[in-house]
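Chemist: pasting the structure only:
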């Protein structure tokens, strides 16, 4: 199965209590694609960069099965840049700089070869652009997943609601689920969000794990307690990439299989945070991933 | 098996985003005893109240198998009073009033009938008093568990370290584990805390669940996502009461059984938060508890 993904490809400056990284590779689409590449080799990336983005990084992605036909490279312009600093608790961060650069003129036109696909992961971007991608598809994919954030709820709620109508699954964090729904209880928040369109809701809680809600079922996956957490940047996107990659590989969107996908996504995210940028994510293999998934199973297992 | 428990028996004023309760029954020892009473009927309570504490409440506890020989009732004096207000996120709260009243003169002397017991739950109190209770025991219990809080780390760290040397298990929240150990990673925090005395560490994360750490193993129990969360007061104590009650009932402190005890504790806490004071906790039965434990099993179950 193929996975279409859209989002940023970027440079990041990152400060955490455990270190600092300058102008390293980042971006939602980069993390999603790398994570998904451990499950499938038919990933269609849609994004935009300047001519300052390293060719080596693009070649490395192509080697992993990421189709870059949909990546615009704008000569003489700069790649999107984000700088952020994490608080001591690592679950909160401040944005220090956002230089949109090429992202200001992002107006994605899907290559013809991208217009039929089974799985779609819309990374965090303007809701209008997310919707524009859906509208260019020739078929209705089996699963369209949308990531978004509180910023769009504040400044583009109508646009966000329009795209929510068109998607199957929404991934947001717990505060965002509460903001979007106006409900404190995540159970009630999920029900309100289902009225907006999605049939599935994934609530990401960072170091506190993730929930998968459907109309009548709930699954919870913990985050693995780690000895070393260096940088949470991209963990949510890595989770989404692992989740969608696993679903695309198995081509099964039953609740039982989605639970497995949540665990695989969580496992990928647990690798992501162990190093800055994609450093850890680039060094994995099936054996390491399987081993880590086993640790999730052990962590929550009990017999009554 | 018998469970000895010490802690406050109190009146609380509570404000949450979902309501307000005035001068309701509270206190660590009250929650611990009620929760444990669903598992065992030999609970030895050590606490202190004024003569303003309702006799009906005491009779109701005695009916549940709570021995009140160790409860001092001071004529002409008032019961400990606490008032607090929860933030919108319910995981944080401000203390508005603390009237120690009789608690200022609490100097517990264990009744002779209390001095041999297998399980001990030391509720959150001055470390000195917690230590004083341990020193009065005639035998070494199978398990001594200690609850404490950041306040004692700030004002009585030496006293806390003295009592930590004498206990088997510590229950604190994640911020407190980080404060006590100076480690951000909970895995490393646990290792540091084991050097202080305990062999087991339970990290309570409120709506984000709880960890059980031993030197070489980790178990994680989620919190149940609930439709209605009215008041988190006493949830930690209820958890501890359910946990210790289950251990005392089964008389088995293997890791496998402790995992079950964590789930039973979590189930009891999930009832506690559904109403103010002990209102929900007083209306349970084995069937309801078993049903809820089953929901915890379903919530995290997946097949790989």
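Modeler: Great, that's in hand. A quick note: this is a predicted structure, and the numbers were derived from the prediction, not measured.
Chemist: next up, the contacts around residue A:298.
Modeler: Residues near residue A:298 by CB atoms under 8 Å, 6 or more residues apart in numbering or on different chains: none. C-betas here are computed from N, CA, C, even on glycine.
Chemist: spell out which parts of the stretch 51-200 of chain A neighbour chain B.
Modeler: A:88, A:90, A:184-188 (CB under 8 Å from any CB of the partner chain).
Chemist: just the strands from chain A, written as ranges.
Modeler: Secondary structure of chain A (DSSP state E): strands at A:3-6, A:10-16, A:19-26, A:43-50, A:66-74, A:80-86, A:93-99, A:119-122, A:143-147, A:169-173, A:200-204, A:210-213, A:218-221.
Chemist: in JSON lines: those strands, plus mean neighbour count and mean pLDDT.
Modeler: Shown next, in JSON lines, are the strands of chain A (neighbours: other CB atoms under 10 Å in any protein chain shown; pLDDT from 0 to 100):
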{"stretch": "strand A:3-6", "mean neighbour count": "30", "mean pLDDT": "98"}
{"stretch": "strand A:10-16", "mean neighbour count": "22", "mean pLDDT": "97"}
{"stretch": "strand A:19-26", "mean neighbour count": "17", "mean pLDDT": "97"}
{"stretch": "strand A:43-50", "mean neighbour count": "26", "mean pLDDT": "98"}
{"stretch": "strand A:66-74", "mean neighbour count": "19", "mean pLDDT": "98"}
{"stretch": "strand A:80-86", "mean neighbour count": "19", "mean pLDDT": "97"}
{"stretch": "strand A:93-99", "mean neighbour count": "12", "mean pLDDT": "95"}
{"stretch": "strand A:119-122", "mean neighbour count": "28", "mean pLDDT": "98"}
{"stretch": "strand A:143-147", "mean neighbour count": "24", "mean pLDDT": "98"}
{"stretch": "strand A:169-173", "mean neighbour count": "25", "mean pLDDT": "98"}
{"stretch": "strand A:200-204", "mean neighbour count": "25", "mean pLDDT": "98"}
{"stretch": "strand A:210-213", "mean neighbour count": "24", "mean pLDDT": "98"}
{"stretch": "strand A:218-221", "mean neighbour count": "24", "mean pLDDT": "98"}
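Chemist: doesn't residue A:31 make contact with residue A:238?
Modeler: Yes: in this structure, residue A:238 is within contact of residue A:31 by CB atoms under 8 Å, at 4.7 Å.
Chemist: which neighbours do these two share?
Modeler: A:272, A:281.
Chemist: give me every residue that touches residue A:150.
Modeler: Taking CB under 8 Å, 6+ apart as the test, what residue A:150 contacts is A:175-176, A:179.
Chemist: got a winner among those residues for most neighbours?
Modeler: residue A:176 (20 neighbours; other CB atoms under 10 Å in any protein chain shown).
Chemist: residue A:34 contacts residue A:282, doesn't it?
Modeler: Yes: Residue A:34 is within contact range of residue A:282, at 6.7 Å (criterion: CB under 8 Å).
Chemist: who has more neighbours out of these two?
Modeler: Using other CB under 10 Å as the criterion, residue A:34 and residue A:282 rank with residue A:34 on top: 27 against 16.
Chemist: what's the closest non-adjacent residue to that one?
Modeler: Counting by CB to CB, 6 or more residues apart in numbering or on different chains, residue A:281 is the residue found nearest to residue A:34 once chain neighbours are left out, at 5.0 Å.
Chemist: ok, the one you found - contacts?
Modeler: So residue A:281 contacts A:31, A:34-35, A:234, A:238, A:268, A:271-272 (CB under 8 Å, 6+ apart).
Chemist: cutoff 10 Å now
Modeler: Counting by CB atoms under 10 Å, 6 or more residues apart in numbering or on different chains, residue A:281 touches A:30-31, A:34-35, A:37-38, A:234, A:238, A:241-242, A:268-269, A:271-275.
Chemist: for it, give its distance to residue B:20.
Modeler: From residue A:281 over to residue B:20 the distance is 49 Å, taken as CB to CB, to the nearest Å.
Chemist: show the residue spans covered by the helices in chain A.
Modeler: Using DSSP state H, the helices assigned to chain A run over residues A:28-36, A:55-63, A:127-135, A:150-155, A:157-164, A:174-181, A:186-194, A:235-250, A:255-272, A:286-300.
Chemist: coming back round to it: how close does the residue nearest to residue A:34 get to chain B?
Modeler: 20 Å (CB to the nearest CB, to the nearest Å).
Chemist: then residue A:250?
Modeler: From residue A:250 over to chain B (counting by CB to the nearest CB), the distance is 12 Å.
Chemist: hang on, that residue packs against residue A:244?
Modeler: No: using CB atoms under 10 Å, residue A:250 makes no contact with residue A:244, being 11.1 Å away.
Chemist: quick one: residues contacting the closest residue to residue A:113 other than its chain neighbours.
Modeler: Using CB to CB, 6+ apart and skipping residues adjacent in sequence, the residue nearest residue A:113 is residue A:69, 6.3 Å away. Applying CB under 10 Å, 6+ apart, we find residue A:69 in contact with A:44-46, A:110-114.
Chemist: which two in the residues you listed are spaced the farthest apart?
Modeler: Pairwise distances across the contacts of residue A:69 peak at 15.5 Å for A:45 and A:112 (criterion: CB to CB).
Chemist: now the phi/psi pair for residue A:142, please.
Modeler: Main-chain dihedrals, residue A:142, degrees, to the nearest 10: phi -70, psi -30.
Chemist: do you know how far it is from residue A:119?
Modeler: 6 Å.
Chemist: the helix or strand of chain A with the lowest mean pLDDT vs strand A:80-86, what angle?
Modeler: Across the helices and strands of chain A, mean confidence by mean pLDDT, DSSP states H and E is lowest for strand A:93-99: a mean of 95. Counting by axes from the mean of the first three to the mean of the last three CA atoms, to 10 degrees, strand A:93-99 points 160 degrees away from the direction of strand A:80-86.
Chemist: need the residues that contact strand A:93-99.
Modeler: Residues contacting strand A:93-99 (CB under 10 Å, 6+ apart): A:10-16, A:78-87, A:151, A:232-233.
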